[in-house]
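**Student:** Below: sequence and its predicted model.
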Amino acid sequence: MLLQPVLLLVAALTMVAPVSASEAPELAEGPRTLIVSYRAEAAKRTEFRRHMAGPFADRLATLRREGKLAAYEVYYSWYRQPDVWDAMAVLHFASYADVQQWLAVERSRPGGLDAAGLALGEPVATYSADLSWEKSQDDLDVGEVYYVIPYSFREAGEYRDYVAGYVLPQFDGWIREGALSGYQLYMNRYAVGAPWDSLFIQRYRDFQAFGKRQQVLDKVRVGLRESPEWMGWHKRKGDIRSETENSIAELIAH
């Protein structure tokens, strides 16, 4: 008779155990990802998109060929929103030491933008981040739909457990249902102040799959509600993190 309450108590105690730095291997060195957000005036948005997909992306490709950059993704938002970037560049480096290569770029090209780019838009902020979780079923493709969600949290260890116990089971379920083809979850290494502590990038298979987002979300959650651990996180999530303005974007270069 008392077995179920005891199991629930054990699950609850397990959920709140913090994740130590040794259990997060990406914390063994400095952050190897930079995430740069950019804004453009409405009248210049179209031309700024062309620049980011053209000359800016070409410059990143050159840095990659030279071994100064391991990989990159450039996103452009579908719509202009009050508190959301127009473009976002995610820059991956092979090691923390290689981040210095970008610092050299910054001295003459803020945010990687040359004079032509700065005439169209400007870098707003650069974040040093860790790619803490990711999954991808196939190669990236220009034009895919991405849903980008920034969060703030109250404590990093608790939040990592929350992601493992609550978020990833949903994302993996959405992949099984054919809605997502992948995801990336970043943690801001120096998470002090606005606008985000973690950033989710959900990669949808296509425009139609994104349109069914809520339907698939509801379907997957039906099964997850049978898990006491998942429901425990579900009931507490409002105390663990808060969500800010989301973005819908497409990949314009990689």
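**Tutor:** Received the coordinates, thanks.
**Student:** quick one: contacts for F48?
**Tutor:** Residues near F48 by Cβ atoms under 8 Å, 6 or more residues apart in numbering: 38, 40, 86-87, 117, 120-121. Heads up, the C-betas are built off the backbone N, CA and C, glycines and all.
**Student:** just the buried members of those?
**Tutor:** For these, a burial check counting by 16 or more other Cβ atoms under 10 Å picks out 38, 40, 86-87, 117, 120-121.
**Student:** Go through those residues and flag which are in helices.
**Tutor:** G117 (DSSP state H).
**Student:** TSV for the contacts of F48, including pLDDT?
**Tutor:** Below are the contacts of F48 laid out as TSV (pLDDT from 0 to 100):
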residue	pLDDT
Y38	98
A40	98
D86	98
A87	99
G117	99
L120	99
G121	98
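**Student:** can you name the two of the residues you listed that are farthest apart?
**Tutor:** D86 and G117 (12.2 Å; Cβ to Cβ).
**Student:** can you tell me which of the buried ones among the contacts of F48 are in strands?
**Tutor:** 38, 40, 87, 121 (DSSP state E).
**Student:** could you redo those as JSON lines and give each row distance to R64?
**Tutor:** Formatted as JSON lines, these follow (distance: Cβ to Cβ, whole Å):
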{"residue": "Y38", "distance to R64": "19"}
{"residue": "A40", "distance to R64": "24"}
{"residue": "A87", "distance to R64": "18"}
{"residue": "G121", "distance to R64": "22"}
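**Student:** nearest to A209, of the residues you listed?
**Tutor:** For those, the nearest to A209 is A87 (23.4 Å; Cβ to Cβ).
**Student:** What are the boundaries of the strands in the stretch 51-200 of the chain?
**Tutor:** Under the criterion DSSP state E, counting those that start in this stretch, the stretch 51-200 of the chain contains strands at 71-77, 87-92, 121-136, 145-153, 180-188, 198-204.
**Student:** For the ones you listed, could you give me CSV that also reports distance to R225?
**Tutor:** Shown next, in CSV, are the strands of the stretch 51-200 of the chain (distance: least, Cβ to Cβ, whole Å):
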stretch, distance to R225
strand 71-77, 33
strand 87-92, 33
strand 121-136, 22
strand 145-153, 22
strand 180-188, 20
strand 198-204, 21
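**Student:** and of those strands, who's closest to L113?
**Tutor:** When the strands of the stretch 51-200 of the chain are compared by Cβ to Cβ, strand 121-136 sits nearest L113, at 6.7 Å.
**Student:** Next, the buried residues of the closest one.
**Tutor:** Judged by neighbour count (16+ other Cβ under 10 Å), strand 121-136 contains these buried residues: 121, 123, 126-133.
**Student:** repeat for stretch 177-196
**Tutor:** Within stretch 177-196, the residues scored as buried using 16+ other Cβ under 10 Å are 179-189, 191, 195-196.
**Student:** ok, which pair from those is furthest apart?
**Tutor:** Top of the distance list for the buried residues of stretch 177-196 (Cβ to Cβ): A179 and R189, 29.9 Å.
**Student:** Could you measure from F200 over to R160?
**Tutor:** 14 Å (Cβ to Cβ, to the nearest Å).
**Student:** before we move on, what about S77?
**Tutor:** Note on S77: its distance to R160, by Cβ to Cβ, is 28 Å.
**Student:** same thing with W102?
**Tutor:** Remark: distance between W102 and R160 (Cβ to Cβ) = 27 Å.
**Student:** With A104 instead?
**Tutor:** 33 Å.
**Student:** who has more neighbours, those two?
**Tutor:** Taking other Cβ atoms under 10 Å, A104 and R160 do not tie; R160 has more neighbours (21 against 10).
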